[in-house]
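J.: Sequence and predicted model, in that order:
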Amino acid sequence: MAELTTLAKGLTTGLRAAMEADPKVVLMGEDIGKLGGVFRVTEGLQKDFGEERVMDTPLAEAGIVATAIGLAIRGYRPVVEIQFDGFVYPAFDHIVSTLAKLHARSHGGIRVPVVVRIPFGGGIGAVEHHSESNEAYFAHTAGLRVVAVSNPHDAHWMIRQAIECDDPVIFYEPKRRYWDKGEVGEAPRGDLGSAQVLREGTDVTILCYGPMVRTCLQAAQAAEEEGRSLEVVDLRSLSPIDTETVFASIAKTGRCVIVHEAATFLGMGAELAAQVQEHCFYSLEAPILRVGGYNVPYPPARIEEEFLPDLDRVLDAVDRSMTH
């Protein structure tokens, strides 16, 4: 049996492999060097690769991303760490106005292979701006790839794929799953833009990503005890969406429940529901349902469990879908 590793260490080994394979890969971020990052994802990398390749930056997200764009234009492959999800907003202008558009603006003459790593989501009892799910902002922006990992295997291989990709990639890491353990296999599960069916079923398709994948797998296990068969699809890529895998699953089950931690209002679930309704209308036997956060600012830590989707809310949506 392969040795189990955490999602955080899967990222560490993936970053290490990418840096060993390509001397143009450089890491930048706040406290990522000597400290190894808040979540210790980059622990030991500055010691092994030096301060010129693992750079501790000032507390200035706009400056970090702008510098990374300049390095990418000069042939480097920068990997930027945003310390927490809610800290990305000072860099938002550089990401959506420059990083996402340079390739098109230059008529294909310029590539900007920047990876922006963002720990996202709640569940760790943190303070304001430390528990946000802002993936829809970037998935809405043409010119960016947006992915979200959910397990150690994908963490290892998808960070390597993201670094090798010539497009800018927003790379979401579910912070409350950093310590979840699993095996890291010998090869990636598909390409960077592919979804994966993690559990096959026949009654309801559950579409999810990031921190909600574990929750949905637990819901599928609980539903099985009640005689229901849930198919769990880990989207992995939020832009582009692997619609082929999504549509094939819904054609089989006839029902769809979409689960994400972000607020459902104008969230990823809204786009997914629209595409499923448009392309799978005649396969659907029930309305498409969404389970997510509420349309309010992220709450204080003492009541965050009331905000976060849990197993009961997922199973309730399954029950409602099955009544049709």
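T.: Perfect, I can see it now.

J.: what sits against A317?
T.: Contacts of A317 were listed using CB atoms under 8 Å, 6 or more residues apart in numbering, and they are V257, V259, L289, R290, V291. Every residue, glycine included, has its C-beta placed from N, CA and C.

J.: typo on my end, E164
T.: Contacts of E164 by CB under 8 Å, 6+ apart are A18.

J.: Give me the distance between it and P113.
T.: Distance, E164 to P113, using CB to CB, to the nearest Å: 8 Å.

J.: From the contacts of A317, keep the buried residues only.
T.: The neighbour count (16 or more other CB atoms under 10 Å) marks V257, V259, L289, R290, V291 as buried among these.

J.: Look up which residues are beta-bridged to the third one.
T.: Note on L289: beta-bridge partners V257, judged by DSSP bridges.

J.: Does it touch T264 like I think?
T.: No - under the contact definition of CB atoms under 8 Å, L289 does not touch T264, with a separation of 9.9 Å.

J.: name the element I69 belongs to?
T.: The secondary structure element spanning I69 is helix 61-73 (assigned by DSSP states H and E).

J.: I'd like the average pLDDT over that helix.
T.: If you average the pLDDT over helix 61-73, you get 98.

J.: how far is stretch 68-88 from where the chain is centred?
T.: In terms of CA atoms, centre = their mean, to the nearest Å, the centre of stretch 68-88 is set 17 Å apart from its chain centre.

J.: Identify each buried residue in that stretch, please.
T.: Taking 16+ other CB under 10 Å as the criterion, stretch 68-88 shows 68-69, 71-72, 76-88 as buried.

J.: Contact partners for the closest residue to A66 other than its chain neighbours?
T.: Here the nearest residue to A66 in space, its sequence neighbours aside, is H94; by CB to CB, 6 or more residues apart in numbering that works out to 5.1 Å. Counting by CB under 8 Å, 6+ apart, H94 makes contact with A62, V65, A66, I69.

J.: G267 now?
T.: Applying CB under 8 Å, 6+ apart, one finds that G267 lies in contact with A136, H260, R290, G292.
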